[in-house]
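A.B. asks: predicted model and sequence below, questions to follow.
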Amino acid sequence: MKKAEMGRFSISPDEDSSSYSSNSDFNYSYPTKQAALKSHYADVDPENQNFLLESNVGKKKYETDFHPGTTSFGMSVFNLSNAIVGSGILGLSYAMANTGIALFIILLTFVSIFSLYSVHLLLKTANEGGSLLYEQLGHKAFGMVGKLTASGSITMQNIGAMSSYLFIVKYELPLVIQALMNIEDTNGLWYLNGDYLVLLVSLVLILPLSLLRNLGYLGYTSGLSLLCMMFFLIVVIFKKFQIPCPAEIAFLVNETVNGSLAQPAAFVGFNRTESDSCQPRYFIFNSQTVYAVPILTFSFVCHPAILPIYEELKGRSRRRMMNVSKISFFAMFLMYLLAALFGYLTFYEHVESELLHTYSSVMETDILLLIVRLAVLVAVTLTVPVVIFPIRSSITHLLCASKEFSWWRHSVITVSILVFTNLLVIFVPNIRDIFGFIGASAAAMLIFILPSAFYIKLVKKESMKSVQKIGAMFFLLSGIVVMTGSMALIVLDWVHNAPGGGH
């Protein structure tokens, strides 16, 4: 699950954020993986940030002993991997089904490399710009416009993540209830309606947790989310060798004479012709191919968590953090590739935009799938309040930063965010649209456009004619092309194929 909110401190909203950066006797609270939460609280005036000491003349910024990190290299890799992996993994098989194996691997490789390059730009910009807050880098680079753009992109990305989590509740919870209660006829049962269940879960579970002022359980849910996705990957690989090819089943059914072999209910919906086969395809171009790049960019966004993880890295240096990033990105590259490949080779072009839901179309729910569904549901339900936390903090800071904490304001903003997200989940017909729109807009901003723009503006020691600046400029232009091109193609698909159906 995409968590831009990984990090280190459990900070109360009413605490003075300047105290966390203005004196050397920093008071640590217990370490958690609460990264970008901090970035939404603190917006300290640059002149009041004493990260940079005059006595550290010979050292690079943020690589001094003034604020030493406490997180080991291995734990930093875990934290960053956890920030990368998200609900986007459920849409990767759908992307492969609409690009082909070879084209998907090419796109996955390029998106992962570009994401890693943007981390390099971001770290260098933080060192030269003198800030470890994403929004403050935007403020230093482009004033209030830059700050609002950075904050808006992070907020959009988190709303997209929230929506994808609630989509999973909408798709999977009815199947879990149906399996547990052994219900065959689902017609007219309100408690098997995904829209009602999303509202119920939001009201009974998510809202009370979201109203808390501190999220001390964050570290546990972060680890649980990553473990759930690893378990999900293992099950996807296992099921590939257990589920027969849908085309072969349909072929056998069509060849049966006098109904001596009835089509199994498990494969209803796969009415394929004899000419169909289960042969993998390597290059595919269709109307849904345009969603591949946005889904991939959505899956690799972790940039709001980069700077807080960097700040907490023990023995902090840019090279050490880049090594953390390389290992994390490579691990997630392999995880994404395996999940997409085995999901695609199980269902081929019949993969739905949410892979886990596809299994219910081809087989009765067995105990393994039920456990996976329960694990994923628990993880996403506990993660939604975590994602609301930085959105609410950002909105509060932008609208009423100087005002004291108010439970009334706190509650109204929380309820408003939840209502807006629930409306998205109920009225947007397809999780693919969430992956596509957020991936093409906010994710493209966070991966391509903002890091390169900040780098070009804030890194003064390199001229505009240097290789580094020219590379950043090309990266910026490529991000603009990716964002505008993807958005245009997605909107065209919406216009020509509305309404979007299925899952």
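C.D. replies: Alright, I've got the coordinates.
A.B. asks: just the helices in the stretch 251-400 of the chain please.
C.D. replies: Assigned by DSSP state H, counting those that start in this stretch, the stretch 251-400 of the chain shows helices spanning 292-300, 303-312, 318-347, 355-362, 367-400.
A.B. asks: and the third one, what other elements does it pack with?
C.D. replies: Secondary-structure packing of helix 318-347 (3 or more C-beta pairs under 8 Å, 6 or more residues apart in numbering; DSSP states H and E): helix 73-84, helix 92-97, helix 101-129, helix 218-240, helix 292-300, helix 303-312, helix 355-362. The C-beta positions use only the backbone N, C-alpha and C, and glycine is treated the same way.
A.B. asks: can you lay out these as TSV showing mean neighbour count and mean pLDDT?
C.D. replies: Converted to TSV, the helices and strands packed on helix 318-347 look like this (neighbours: other C-beta atoms under 10 Å; pLDDT from 0 to 100):
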stretch	mean neighbour count	mean pLDDT
helix 73-84	23	88
helix 92-97	28	94
helix 101-129	20	93
helix 218-240	19	82
helix 292-300	29	91
helix 303-312	27	86
helix 355-362	22	79
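A.B. asks: quick one: which of those is nearest residue 443?
C.D. replies: Residue 443 lies closest to helix 292-300 among those, at 4.1 Å (C-beta to C-beta).
A.B. asks: quick one, the closest one and helix 73-84 angle?
C.D. replies: Relative orientation of helix 292-300 and helix 73-84, computed by axes from the mean of the first three to the mean of the last three C-alpha atoms, to 10 degrees: 140 degrees.
A.B. asks: what lies in contact with helix 292-300?
C.D. replies: Where contact means C-beta atoms under 8 Å, 6 or more residues apart in numbering, the residues beyond helix 292-300 that reach it are 2, 84, 86, 88-89, 91-92, 94-95, 98-99, 103-104, 107-108, 111-112, 115, 160, 329, 332, 336, 432, 435-440, 443-444, 447, 482, 486, 490.
A.B. asks: coming back round to it: of all the helices and strands packed on helix 318-347, which one is nearest residue 201?
C.D. replies: Closest approach to residue 201 among the helices and strands packed on helix 318-347 (C-beta to C-beta): helix 218-240, 15.2 Å.
A.B. asks: just checking, what packs against the closest one?
C.D. replies: With contacts defined as 3+ C-beta pairs under 8 Å, 6+ apart, helix 218-240 has these neighbours: helix 73-84, helix 318-347, helix 355-362, helix 367-400.
A.B. asks: so in this structure, which helix runs the longest?
C.D. replies: Ranked by number of residues, the top helix in the chain under DSSP state H is helix 134-181.
A.B. asks: after it, which helix or strand is next? Please name it.
C.D. replies: helix 194-201 (DSSP states H and E).
A.B. asks: export that next one to CSV, keeping only CA atoms.
C.D. replies: This file holds the C-alpha atoms of helix 194-201, laid out as CSV (Å, rounded to 0.1, in the frame of the first residue of the first chain):
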residue,chain,number,x,y,z
GLY,A,194,-19.9,-3.1,-1.7
ASP,A,195,-21.1,0.5,-1.6
TYR,A,196,-23.0,-0.1,1.7
LEU,A,197,-20.0,-2.0,3.2
VAL,A,198,-17.6,0.8,2.3
LEU,A,199,-19.9,3.3,4.1
LEU,A,200,-20.3,1.0,7.1
VAL,A,201,-16.5,0.3,7.4
